[in-house]
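Trainee: Okay, here's the prediction I keep looking at, along with the sequence it came from:
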Amino acid sequence: MKKKVLITGGNKGIGFETAKQLLAKDYYVYIGCRNKAKAADAIEELNKLGYADVEAIDLDVTDENAIMKVANEITELDVLINNAGIPGDFPQNASDTSQETLRKVFDTNFFGLIQLTQTFIPALKKSAAPIIVNVSSDLGSLGNHTNPEWEHYEVKPLAYCASKTALNAFTVMLAYEFKDTNFKINSVNPGYTKTDFNNNQGPKSVEDAAELIVQYAVLDENGSTGKFFSDNGESPW
């Protein structure tokens, strides 16, 4: 039986490429997307590439009813990739970022992600090797932000960075809770990638970014858990 994976925000960019690479590894892929029409377009594109084991899921991670509806439809799951995220409005200076921007970013990148993950824990527990990949960012690393030698030291958008730092904390706490089980739970930083998310400014390709996420989505029983990974290995929290 094929392993099943749910990818939030899987209709474009890194999420879409992750879906493609996991389909190539013979996974059954659910693509979660807020816009069902866009999800359908993604499915059509994947079908044209010869991939049939893929399904569009109408999913807004900030909508509790939508999350519950999907959880009632997908009762068994092997891998959850929390890829959906938003940058928020800019600029985001620490001294004056609005409460509206902070709450909007955290609703998607943190609160919605946690609610979705908690809701799917029962489905993941049915897997022999359940995996959760939280797609984070090196901008969520406090170790990086306090290191003047870091290449992105001067990039500090408050809402986005703080939401990813909080996400990393969730990874640590959840991995600890399941440390004596077969769960593998990690944060993964795909890197500064050329996507719509950053107006196509990133130097990294979606293929390379997705490859890193896939690496931690297919861990075996000896794989790490409770860690934060980037291209160069383990990253500072």
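Mentor: The structure has been received and is ready for your questions.
Trainee: hang on, residue 81 in a strand?
Mentor: Yes. Residue 81: assigned to a strand according to DSSP: H, G, I helix; E, B strand; the rest coil.
Trainee: gap between it and residue 152?
Mentor: According to Cβ to Cβ, to the nearest Å, residue 81 and residue 152 sit 24 Å apart. C-beta here means a position set from N, CA and C on the backbone, and glycine is covered the same way.
Trainee: Which one of these two is surrounded by more residues?
Mentor: Per other Cβ atoms under 10 Å, whichever of residue 81 and residue 152 has more neighbours is residue 81, with 29 against 14.
Trainee: Tell me who's in contact with the more buried one.
Mentor: When contacts are counted by Cβ atoms under 8 Å, 6 or more residues apart in numbering, residue 81 touches 5-8, 10, 15, 18, 132-133, 135, 213, 217.
Trainee: okay if I get those as a markdown table plus neighbour count, secondary structure and pLDDT?
Mentor: Shown next, in a markdown table, are these (neighbours: other Cβ atoms under 10 Å; DSSP: H, G, I helix; E, B strand; the rest coil; pLDDT from 0 to 100):
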| residue | neighbour count | secondary structure | pLDDT |
| --- | --- | --- | --- |
| 5 | 26 | strand | 98 |
| 6 | 27 | strand | 98 |
| 7 | 32 | strand | 98 |
| 8 | 28 | strand | 97 |
| 10 | 30 | coil | 94 |
| 15 | 26 | helix | 95 |
| 18 | 29 | helix | 98 |
| 132 | 26 | strand | 99 |
| 133 | 28 | strand | 98 |
| 135 | 27 | strand | 98 |
| 213 | 24 | helix | 98 |
| 217 | 26 | helix | 98 |
